[in-house]
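> have a look; sequence and predicted model below, questions after that.
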Amino acid sequence: MAIELKFRFIELKIVINPRQVPDLHEVRLDDDGAYMGTALSLTEVDNYLVKYMESLPEERCGVFRAVHEIMHWFAGKHVRNVASIAGNIVTASPISDLNPIWMAAGAKVVLESNERGLRSPVIDEHFFLAYRRAAVEADEVVKAVVIPFTKRNQYFRVYKQAQRREDDIAIVTGAFNAVVDPKTLIVEEIRISFGGMAPTTKLALNTMKHLEGKKWSQPLLDEGIELIAKEFTLPAGVPGGMARYRQALTLSFFMKFFLEVAEALGIKNVDNRHEITRIGQDIPEGLISTQLYQEVPADQKVHDPVGRAIAHVSGRKHVTGEAIYCDDVQVANCLHMAFVMSPIACGTLESKDFSEALSMDGVVGYIDAEDVLKGIQIGHHNDTPVFVRDKITYHGQPVAAIIAQDHETARRAANAVKLEYTRDKPIISIEDAIKADSYLMQPLVIHSSLLENETVVKNDWSSYDHVIEGEINMGGQEHFYLETQQCVVIPHEDDELEIISSSQGINDVQMEVSKCLGIPAHKIIVKVKRIGGGFGGKENACSLLSVPTAIAARKFRKPVRLTLERYDDMAISGTRHPFKFNYKVALDSSGKFRDYSVTAYGNCGHTFDLSLGVVQRAMVHIDNVYKFPNADIEGRLCKTNLASNTAFRGFGGPQGMFCTETLVKHIAEELNLDHDKIREINMYEEGDCTPFGMHLRQCNIRRTWYECKETSNYEQRLKLVREFNRSNKYRKRGIYIMPTRFGIGFGLKQLNQAGALVLIYTDGSVLVSHGGMEMGQGLHTKIMQIAARVLDIPIELVHIHDTATDKVPNASPTAASVGSDMNGLAVQDACNKLLRRLEPFKKANPEGTWKEWVRQAYVERVSLSATGFGIIHSEAVDFFNGKGAELFGYCVYGSACCEVEVDCLTGDHYLLRTDIVMDIGDSLNPAIDIGQIEGAFVQGYGLFTMEEIKVRPDGVRLSRGPGVYKIPSADDAPRHFNVRLLKGSSNRMGIFSSKAVGEPPLFLGACAFFAIREAVRSFRLEHGLKGYFRFDSPATPEQIRLACEDEILSKVPELPPKGTYTPWTVTL
């Protein structure tokens, strides 16, 4: 109902809540089973079933156990606390978790109406009539559900597979109910039900008919698989997609059920490696973690906070709800705005009709392209229209905006605007762009041979011992910050504008508004208290909101607020760039790399945004930690009809490194070599030069690698994993160890600068302002630590209020992991200036206090405010002529070891353990830094194993909320999570010898991906599938199961050739 209200704008004039009706709360045990009143919440139903299971014989509680088991994975606890058992039934969803159980169990619903009285139909093949339609008449009330008892020799099981185990809708659910004579092993009765295989929950009627009377043995299993495969088929372009996977799940579930019953019956001739314990069953509950870091020196002053594990200064406010965000800022007489968004991805806008919207109560007006200065566009390349004028270039593109008295009215009115348009065929994927020659610009290139030669050296590839070629795809990632994009614009006198924005780059917001409204920047103040997560998604995209909101505020002469709903945010804003790589590598007989040629294609969306920098960073990280004597790297910016893809934590680096880590696996499997030995033979050493011309100083990659190997007990655990895999046929484990290198600094040299303003008040308190944004990463905490150390005062005397353009001008975005480095250097510079001014007073009164020195300086009319400035080293790489340079000031190194367990029948997996060793120099704050390492790893884990952007072939984005798009939950965290900071590391380029931490650990999440791949490889080897196999990212359950080729998957038809059908979604 809430979905209908929120997204379809239906009006419910009367809402009846049956929770208070006593008859609907009745609970009792009858002869047939448990009678559950339908006003009970799912949590209450579960509690009653647990109570009954404790008192009744186990053999009677088979269905109860199945319901209890599935309840844990049904939505979240807050949903189960209010959702009713009847609501789930009459909604008649084909992917309901519970309806397959009711159908397989033969549960009854008790219905009552004045006309028909009481009736109790069985939930069978006749109950669900059509998609979301059950056999319940309009005047009937569902009074109760009767959950039947089971009996001796009756076996009941339920299996669910989803994209994510916790709080996710099912892809397929299967419920199985069999009565088997223990002496003859004859099937006396069997009921099989599947959800997710048709528009309604379905019984396997034909399969059931043929299996009854058969003996529970291998022939029954074989016949059952054949029957289900024929009875449950899906067309290639079925709604929801995943046709082969969903069909395979039905067979895999039946296999699981068969094995569980065979084990219960004590059948001895079943392969003893057909283990029936479920994945993760023997994994201890709860999470275990360790965090190891170096303590501060014994002689460090007690009040010196640098290097200490100090809590985030806003942490308590975050969890209590006291932290102020953009949406919390109260502005009097504020109007609200909502976008009118394009329903198509490519075409021409013919007309707009605002009449219905403008007639609604509370609507003030609208703005569109006619309100934008002619010829003005936004973005660093001035290529993004504020509103569609004629050409529509992506689904969700703002066409206009409605301004109203409140948020909901604005949204409802925007939905009422009528658009007329003509459609064109969109370019969606990288493959589409390559075929259409659709690029934003000419190719980018790096030729390592130009570092020592005037011209590009082309080697003879036929002279090498081995040459390996391949290609790999990597998907994108939605930022999914907790706070969506939003801003408030307040007009003042003389064309002044005050903008409160959830932005990582307030200078960009200021300059874009200045350009689009023709107002000098000094009349525009942009400020941020904090933002609720950014990850790069709020670095550039905020101008898409702030510019039109400023236009509206100026037009209507009132404050205007724009807050995007998650659904709209995910349509308008871009994502991490999907990439495709074509690679070719040469190596000698010892396994040393000799030559590397690679082309990186980035899916950039409809305009540049920050794609040039993203593809460039992918190119300069494509070597990861390996030395290539010669490398030729090409980057292509693919222009597609998607929202402009943008910055995301790692900024192209993880994509580039993923290519080469895939390459290492390709070599190892093609040539039957140890992939760890390949790494160690080719790993960078101190002073080595990268293909883009950077010499690696203080290169600690080998230290992190060997320390991770040792502390994770990798070699011993590798033997245990191999033993586990020999003993288990359908459960496989994989263990993997992987390194990373990440260059620190903006690729654009001019951005590697920062400013600060430090004010000392006469009471001794210090107010620090800098150009960085606090977005949960602890930047303000670290800056306060730096200021406290430099001024030699307790951190309690230091405060940061907000970030604003009238305090620090021309600030670079808080991005590229340099927030602490650059802003810290600027604050250090300002504090040192103030210290020099206070020095005479300290000398005059050496026994005095900080407050006394400050007070005396004030009395002597010495300025107690100072600006500071900081830069970090960088040189520009010539990506158009292929000439390298010392692009980054330094690199961060790290290594991770991951162990996973995979259910090869379903594609599900558990992340058992993760060990990380990270070189972040001399940590400013180990608590915050380790938290960043853990968070970056989990975000990377989501990128490589779970998160999937789904777009239809017509360009309409399907993944626009948490219902479809899944990020890791607490259940997905490593069961054992160990993080160590490399001891004895320093960094002459960083503030107080520290190193950046925000982005570098993210790629280590790919270690879990490759561990999964190892488990899949073990399964494939047992089935005679040797050699390299392509395994694109992300490793979703579908991807994993389809890679585990076996006798079951062979029963599922292959998809028709591409181009012969319309798929549900497109690989970007």
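Noted; the coordinates are in hand. Numbers count the residues shown, from 1 in each chain.

> how many residues are close by Ser589?
Other residues near Ser589 come to 9 when the count uses other C-beta atoms under 10 Å. Any C-beta I mention is one placed from the backbone N, CA and C, and that applies to glycine too.

> same deal with Gly1024?
In terms of burial, Gly1024 registers 7 neighbours under the definition other C-beta under 10 Å.

> before we move on, could you check phi and psi at it?
For Gly1024, the backbone dihedrals are phi 80, psi 10 (criterion: degrees, to the nearest 10).

> repeat for Ile1048
Backbone torsions for Ile1048, taken as degrees, to the nearest 10, come to phi -70, psi -50.

> ok, now which ones touch the closest residue in space to it that isn't next to it in sequence?
For Ile1048, ignoring the flanking residues on the chain, the nearest one in space by C-beta to C-beta, 6 or more residues apart in numbering is Leu251 at 4.7 Å. Leu251 sits next to 225, 228-229, 1048, 1051-1052 when contact means C-beta atoms under 8 Å, 6 or more residues apart in numbering.

> if you set the cut-off to 7 Å instead, what comes out?
Leu251 sits next to 225, 228-229, 1048, 1051 when contact means C-beta atoms under 7 Å, 6 or more residues apart in numbering.

> go on, Glu140?
Applying C-beta under 7 Å, 6+ apart to Glu140 gives the contacts 111-113, 116.

> quick check: next helix or strand after the helix or strand containing the residue nearest to Ile1048?
Remark: Leu251 resides in helix 243-265, with elements defined by DSSP states H and E. The element immediately downstream of helix 243-265 (helix or strand, assigned by DSSP H and E) is strand 288-292.

> residues in contact with the next helix or strand along the chain from that next one?
On the C-terminal side of strand 288-292, the closest following helix or strand by DSSP H and E is helix 315-320. For helix 315-320, the surrounding residues in contact (C-beta under 7 Å, 6+ apart) are Ala323.

> next: stretch 15-25.
Stretch 15-25 has contacts (C-beta under 7 Å, 6+ apart) with 37-40, 143.

> between those, which is closest to Ile920?
Among the contacts of stretch 15-25, Leu40 lies closest to Ile920 (C-beta to C-beta), at 52.0 Å.

> who touches the closest one in this structure?
If you count contacts by C-beta under 7 Å, 6+ apart, Leu40 has them with 25, 84-85.

> same deal with His780?
By C-beta under 7 Å, 6+ apart, the neighbours of His780 are 313, 774, 800.

> so Thr762 sits against Tyr858, correct?
Yes: Thr762 is in contact with Tyr858 according to C-beta atoms under 7 Å; the separation is 5.1 Å.

> format the contacts of Leu251 as JSON lines; extra columns: pLDDT.
As requested, the contacts of Leu251 are exported to JSON lines (pLDDT from 0 to 100):
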{"residue": "Ile225", "pLDDT": "98"}
{"residue": "Ile228", "pLDDT": "99"}
{"residue": "Ala229", "pLDDT": "98"}
{"residue": "Ile1048", "pLDDT": "96"}
{"residue": "Lys1051", "pLDDT": "98"}
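
> out of these, who's the most crowded?
The most neighbours, when those are compared by other C-beta under 10 Å, belong to Ile228, which has 25 neighbours.

> so which of the contacts of Leu40 belong to helices?
In helices, defined here by DSSP state H, the members of those are Ile85.

> now the contacts of Leu40 as JSON lines including distance to Asn845, pLDDT and neighbour count?
Formatted as JSON lines, the contacts of Leu40 follow (distance: C-beta to C-beta, whole Å; pLDDT from 0 to 100; neighbours: other C-beta atoms under 10 Å):
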{"residue": "His25", "distance to Asn845": "77", "pLDDT": "93", "neighbour count": "16"}
{"residue": "Ser84", "distance to Asn845": "74", "pLDDT": "91", "neighbour count": "21"}
{"residue": "Ile85", "distance to Asn845": "77", "pLDDT": "90", "neighbour count": "24"}
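
> in TSV, list the contacts of Leu40 along with distance to Thr945.
What follows is those, written out as TSV (distance: C-beta to C-beta, whole Å):
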residue	distance to Thr945
His25	43
Ser84	34
Ile85	33
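
> residue ranges of the strands in the stretch 51-200 of the chain, please?
108-113, 117-119, 128-130, 133-134, 141-148, 154-162, 170-180, 187-195 (DSSP state E, counting those that start in this stretch).

> next one: the stretch 451-600 of the chain
Secondary structure of the stretch 451-600 of the chain, counting by DSSP E, counting those that start in this stretch: strands at 466-474, 486-491, 497-501, 524-528, 560-563, 579-587, 593-605.

> so what strands line up beside the shortest one?
To tie it back to what came earlier, the one meant is strand 560-563. Strand 560-563 pairs in its sheet with strand 335-341 (parallel), strand 486-491 (antiparallel), by DSSP bridges.

> what does the last one give?
If you go by DSSP bridges, strand 593-605 pairs up with strand 579-587 (antiparallel), strand 631-639 (parallel).

> of the ones you listed, flag the one that's most buried.
strand 631-639 (a mean of 24; mean count of other C-beta atoms under 10 Å).

> and the next helix or strand past that one?
For strand 631-639, the succeeding helix or strand toward the C-terminus, using DSSP H and E, is helix 653-671.

> report all helices and strands that that following helix contacts.
Contacts of helix 653-671 with other secondary structure elements, assessed using 3 or more C-beta pairs under 7 Å, 6 or more residues apart in numbering; DSSP states H and E, are made with strand 466-474, strand 579-587, strand 593-605, helix 611-620, helix 675-682, strand 731-744, helix 1006-1022.

> which residue packs closest to the residue sitting furthest away from the middle of the chain, ignoring adjacent ones?
Using C-alpha atoms, centre = their mean, the residue of the chain lying farthest from its centre is Ala844. It sits 57.8 Å away. Across the structure, with C-beta to C-beta, 6+ apart as the measure, the residue nearest Ala844 apart from its sequence neighbours is Gln856 (7.8 Å).

> who are the packing partners of whichever helix in the chain runs longest?
Of all the elements of type helix in the chain, the one with the most residues (DSSP H) is helix 819-844. If you count contacts as 3+ C-beta pairs under 7 Å, 6+ apart, helix 819-844 packs onto strand 753-760, strand 766-770, helix 779-791, helix 850-859, strand 865-871.

> and the ones you listed as a markdown table, adding mean pLDDT and distance to Leu587?
Compiled in a markdown table, the helices and strands packed on helix 819-844 are given as follows (pLDDT from 0 to 100; distance: least, C-beta to C-beta, whole Å):
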| stretch | mean pLDDT | distance to Leu587 |
| --- | --- | --- |
| strand 753-760 | 99 | 42 |
| strand 766-770 | 99 | 48 |
| helix 779-791 | 99 | 43 |
| helix 850-859 | 98 | 62 |
| strand 865-871 | 98 | 40 |
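
> which one of the ones you listed lies closest to Gln698?
Distance to Gln698, taken as C-beta to C-beta, is lowest for strand 865-871 among the helices and strands packed on helix 819-844, at 19.7 Å.

> quick check: mean pLDDT across stretch 804-819?
In this model, stretch 804-819 carries a mean pLDDT of 98.

> before we move on, what about stretch 486-495?
Looking at stretch 486-495 alone, the average pLDDT works out to 98.

> list the contacts of it.
Outside stretch 486-495, the residues that touch it by C-beta under 7 Å, 6+ apart are 326-327, 329, 331, 334, 497-502, 519, 523, 542, 545-546, 549-550, 553-554, 557, 559-564.
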